[in-house]
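**Q** coordinates for the following, if possible.
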Amino acid sequence: MKICSTGIVKSNQCKSAFNILISVCILWALANATAVLALSPPPPEPPTLTVTADQSQTSITLTWSAADDAEYYIVEGYMGSVWRELGSTSGTTASYNYADKGWNMNELQLKILACKSKPWWLSWAFWLEDSCSDHSNVVTAPDIGSNGNSVSMYREWFWDYGGSQAESHGHYITQVADGGFVQVGETGMLPNSARIFVVKVDQNGALLWQKEFGSTGHNLGNSVLETSDGYWVVGSQGQDSVLIKLDKVSGDTLIEKKYDLGGSDALESLIQTASGFVGVGYHSADDPNNTFFTGGQGLVVFFDQSGNKLSQQDVNQYLAHPYRIKIFNNSYIISGLTAGAEDYGVLKYSNSFDLSWYRVVGGDQPDHNFAMDVAADGSIYLAGHSLSGVQNWDTYTVKLNQSGDTLWEKRRGNPRGFDPRYIHDEVWDLTIGANGDVYVVAGTGDEYWNYSACNENGCSDQWEVYILRYSPDGTLLWENTFIGYGGEDWAGEAIAYTSDGGLIVAVDNGKFGFLKLMPY
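**A** Have a look, this model is predicted:
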């Protein structure tokens, strides 16, 4: 006897009966979940995990025992206070470059789950997931042997803050005495919408205050100097040089001094002396809307302790655009760009401001110097970017002694392995660590409409922060790039060594980015 005969009516009756039968089965299964689970084979046994760091301590390799009946394994890592799935594989090993990923190895924990798919006869039980074991043993950073590794750095935190205009761009960053950080630059763009922009955050990156100065127009915020009773910001307002003293707690203006030093002029850097301040900058700029090289005439300006101008001295025969000034053993070291931005230029003056020596450093193509610092032993480090002997702009770091002799010079770039003809590696700052190592910060990426490439390190169109660490003898200890969240462009604009052995980086992502890095 046929339960379901042919014909449209009887066929529909058959389908209805079948649907009722399925519904009854599902209802029974829902009501008897334990019985359904009993139909599924038990999960695999937990594997045993071991993790090792490679010799350079930038990568880790996970190896685990094979579990009977396991079809695949899930790797989980504890980071950012939560467990996250890092990947899955059918094998019994996995490797991760934690330096490239910027993982915090001081908090990272790892474990493995052995899993197998639910059997085909339970495919209708949509609420059932694959069967996975209890997790393996948990491996922590000390077990890996990477805790305290200083080969590279991880991101401790990142915060960014914008101003009143569509974009903001920082030029200088420093850690201040209370443990917080101050960044200086502009919000808006030259020549019509820029304002000096200053942001202070606490030791964790939380905003304390932000201030803007000058009517929208041609304004530059170039650097900041902390004194015992305030922060002195230097730059320009309306194409005239300006010094602004700010209250540390509120950011309110305590002193503002503006000087016409000749044509379009600005102060780039300021140091404190026993009698007041000495600043460097330029006047009579040929290209005043260029933020980085104006084609002006270099000068040194002397101020009293209240910011009143005492005198100024041209150094245009040596530097068209001085960027930095430092003091070492009662001598002044000044660095910047020579005429036409052709080479690095360095000057040393005595305490009475008599010239001790002048040096030009570079090759047969343009070399642009923007960064300088002096180590505790008097070593002078310069950094910028160069076209000499390379296929496109590469980082260019130089070490001199107090006699002006070049001890070593290093050109390096294209850290992500693209076609070097199209990659810019643009250096804007450097800092010296507690042990004398030198950290150089740059942005790396391409700016060409006719070139775009991607590889395992990302895509050339996306700019990233690029940091290089050199030992005092010029050995490259490591280099690393740090990528923006959500695919946004990042470029490193300024850097400072911090009291906890880390770095604070001013990131240009269209805002004032504060990137805190710590060694592994």
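**Q** hey, let's count contacts and neighbours off CA atoms from now on
**A** OK.
**Q** can you name the helix or strand that the residue most central in space within the chain falls in?
**A** Residue closest to the average C-alpha location in the chain (C-alpha atoms, centre = their mean): V465, at 4.4 Å. Using DSSP states H and E, V465 falls within strand 464-470.
**Q** for A285, helix, strand, or coil?
**A** coil (DSSP: H, G, I helix; E, B strand; the rest coil).
**Q** identify the residue nearest it in space, chain neighbours excluded?
**A** G296 (3.7 Å; C-alpha to C-alpha, 6 or more residues apart in numbering).
**Q** just the pLDDT for that neighbour.
**A** pLDDT recorded at G296 is 97.
**Q** what of E45?
**A** We have a pLDDT of 88 for E45.
**Q** I'd assumed it was in a strand, is it?
**A** No: using three-state DSSP, the assignment for E45 is coil, not a strand.
**Q** that one: how many residues sit nearby?
**A** 19 (other C-alpha atoms under 10 Å).
**Q** so which residues of the stretch 351-500 of the chain form strands?
**A** 355-361, 367-374, 380-386, 394-400, 406-412, 423-432, 438-446, 454-455, 458-459, 464-470, 476-482, 491-497 (DSSP state E, counting those that start in this stretch).
**Q** that older thread, other SSEs contacting the strand holding V465?
**A** Packed against strand 464-470 by the contact rule (3 or more C-alpha pairs under 8 Å, 6 or more residues apart in numbering; DSSP states H and E) you find strand 438-446, strand 476-482, strand 491-497.
**Q** and those, which one averages the lowest pLDDT?
**A** Among these, strand 476-482 scores lowest, at a mean of 89.
**Q** what lines up beside it in the sheet?
**A** In the sheet, strand 476-482 lines up against strand 464-470 (antiparallel) (DSSP bridges).
**Q** which parts of the strand it pairs with are buried?
**A** 464-470 (16 or more other C-alpha atoms under 10 Å).
**Q** mind listing residues that contact that strand?
**A** 415, 425, 437-445, 476-484, 489-492, 507 (C-alpha atoms under 8 Å, 6 or more residues apart in numbering).
**Q** and if you look at stretch 327-343?
**A** Residues from elsewhere that reach stretch 327-343, judged by C-alpha under 8 Å, 6+ apart: 271, 293, 295, 318-326, 344-351, 353, 360-363, 365-372, 374, 378, 382.
**Q** of those residues, just the buried ones, ChimeraX syntax please.
**A** Applying 16+ other C-alpha under 10 Å to the contacts of stretch 327-343 leaves a buried subset, and the ChimeraX line that selects it is:
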select :271,293,295,318,319,320,321,322,323,324,325,326,344,345,346,347,348,349,350,360,361,362,366,367,368,369,370,371,372,374,382
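**Q** so A94 touches T61, yeah?
**A** Yes: between A94 and T61 there is a contact under C-alpha atoms under 8 Å: 5.8 Å.
**Q** in contact with Y323, which residues?
**A** Y323 sits in contact with 268-269, 280-281, 334-337, 370-371, where contact means C-alpha under 8 Å, 6+ apart.
**Q** let's go with 6 Å and repeat that
**A** 268, 336 (C-alpha atoms under 6 Å, 6 or more residues apart in numbering).
**Q** ok, the residue found closest to D247 once you drop the neighbours it is linked to in the chain - how many residues close by?
**A** Nearest residue to D247, sequence neighbours excluded (C-alpha to C-alpha, 6+ apart): G230, at 5.2 Å. Here the number of neighbours of G230 (other C-alpha under 10 Å) works out to 19.
**Q** show me where the protein has its helices.
**A** Per DSSP state H, the chain carries helices over the ranges 8-31, 33-39, 98-101, 141-144.
**Q** which one of these has the lowest average pLDDT?
**A** helix 33-39 (a mean of 49).
**Q** which stretches of the chain have low pLDDT?
**A** Counting by pLDDT under 70, the chain shows low-confidence ranges at 1-41, 54-58, 79-81, 99-107, 124, 127, 141-151, 485-486, 520.
**Q** what about 50?
**A** 1-11, 33-37, 146-150 (pLDDT under 50).
**Q** test my guess that E268 contacts G279.
**A** No: using C-alpha atoms under 6 Å, E268 makes no contact with G279, being 7.3 Å away.
**Q** residues contacting the nearest residue in space to G162 that is not next to it in sequence?
**A** Among residues not flanking G162 along the chain, K511 sits closest, at 4.8 Å (C-alpha to C-alpha, 6+ apart). Taking C-alpha under 6 Å, 6+ apart, we find K511 in contact with 161-162, 167-168.
**Q** those residues: which two are farthest apart?
**A** Y161 and E167 (10.2 Å; C-alpha to C-alpha).
**Q** and the strands in the stretch 101-250 of the chain?
**A** 109-116, 131-132, 139-140, 153-161, 168-175, 181-187, 194-201, 207-217, 219-227, 230-237, 240-246.
**Q** out of those strands, which is closest to L261?
**A** Short answer: strand 240-246, nearest of these by C-alpha to C-alpha, at 6.9 Å.
**Q** who's in contact with S388?
**A** Counting by C-alpha under 6 Å, 6+ apart, S388 has contacts 363-365.
**Q** excluding its backbone neighbours, what's nearest it?
**A** Of all residues not flanking S388 in the chain, Q365 sits nearest, at 4.6 Å (C-alpha to C-alpha, 6+ apart).
**Q** just E226 next, same as before
**A** Nearest to E226 is W232, by C-alpha to C-alpha, 6+ apart, at 6.3 Å.
**Q** residues in contact with Y439?
**A** 430-431, 468-469.
**Q** likewise V233?
**A** So V233 contacts 223-224, 243-244 (C-alpha under 6 Å, 6+ apart).
**Q** now do S471
**A** So S471 contacts D437 (C-alpha under 6 Å, 6+ apart).
**Q** repeat that with 7 Å
**A** For S471, the contacting residues are 437-438, 477, by C-alpha atoms under 7 Å, 6 or more residues apart in numbering.
**Q** excluding chain neighbours, what is closest to Q272?
**A** Excluding the flanking residues, the one nearest Q272 by C-alpha to C-alpha, 6+ apart is V278, at 6.5 Å.
**Q** bridging residues for the one you found?
**A** According to DSSP bridges, beta-bridge pairing links V278 with I271, F302.
**Q** neighbours around it, how many?
**A** V278: 23 neighbours (other C-alpha under 10 Å).
**Q** that one reaches V301, doesn't it?
**A** Yes: V278 is within contact range of V301, at 5.7 Å (criterion: C-alpha atoms under 7 Å).
**Q** overlap in contacts, those two.
**A** Common contact partners of V278 and V301 (C-alpha under 7 Å, 6+ apart): none.
**Q** good, we can wrap up now.
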